[in-house]
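J.: Sequence first, then the predicted structure, then my questions.
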Amino acid sequence: MTLDHLPRGESATITSVHWDRLAPEEGHRLRALGIDEGAEVKVAHRGVFGGGDPMAITIGRMTVALRRAHAAAMNVEQQESAR
């Protein structure tokens, strides 16, 4: 599954990133924020207009806004929910 399809409130681990789908400066910015393979992320919010763009994810103690196209370049493995 890609990050743009992860349900709101769910956590996942980024398993791979298709850096070739992103402009080099975008990739550098995302890596600087810790968004790379192995990072644990959670979808916090989605925009209400334009197909849910942008979306907000939490990574560590930060909340980061991402374009849906960026999230679509990231494969994630959903973590089991604590029930």
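T.: Perfect, thanks for sending it.
J.: From now on I want contacts and neighbour counts done on CA atoms only, so please keep to that.
T.: OK.
J.: Just give the number of residues close to residue 68.
T.: A total of 19 residues lie near residue 68 under the criterion other C-alpha atoms under 10 Å.
J.: ok, it touching residue 2?
T.: No - using C-alpha atoms under 8 Å, residue 68 is not in contact with residue 2; the gap is 10.1 Å.
J.: quick one, longest helix in this structure?
T.: The longest helix of the chain (DSSP state H) is helix 24-32.
J.: Could I have the CA atoms of that one written out in PDB?
T.: Once non-C-alpha atoms are left out, helix 24-32 reads as follows in PDB (Å, rounded to 0.1, in the frame of the first residue of the first chain):
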ATOM      1  CA  PRO A  24      15.600  16.100  -6.300                       C
ATOM      2  CA  GLU A  25      15.000  19.100  -4.000                       C
ATOM      3  CA  GLU A  26      11.700  17.500  -2.800                       C
ATOM      4  CA  GLY A  27      13.600  14.300  -1.900                       C
ATOM      5  CA  HIS A  28      16.200  16.200   0.000                       C
ATOM      6  CA  ARG A  29      13.600  18.100   2.000                       C
ATOM      7  CA  LEU A  30      11.700  14.900   2.900                       C
ATOM      8  CA  ARG A  31      14.900  13.100   3.900                       C
ATOM      9  CA  ALA A  32      15.900  16.100   6.100                       C
END
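J.: what's the following helix or strand after that helix?
T.: Using DSSP states H and E, the helix or strand that directly follows helix 24-32 along the chain is strand 40-46.
J.: How far does the longest helix of the chain sit from its chain's centre?
T.: Averaging C-alpha positions (C-alpha atoms, centre = their mean, to the nearest Å) puts helix 24-32 13 Å from its chain's average.
J.: Equivalent analysis for stretch 58-78, please.
T.: The answer for stretch 58-78 is 1 Å, by C-alpha atoms, centre = their mean.
J.: try stretch 53-64
T.: Counting by C-alpha atoms, centre = their mean, stretch 53-64 comes out at 7 Å from the chain centroid.
J.: Ends of it, what's the gap?
T.: 13 Å (C-alpha to C-alpha, to the nearest Å).
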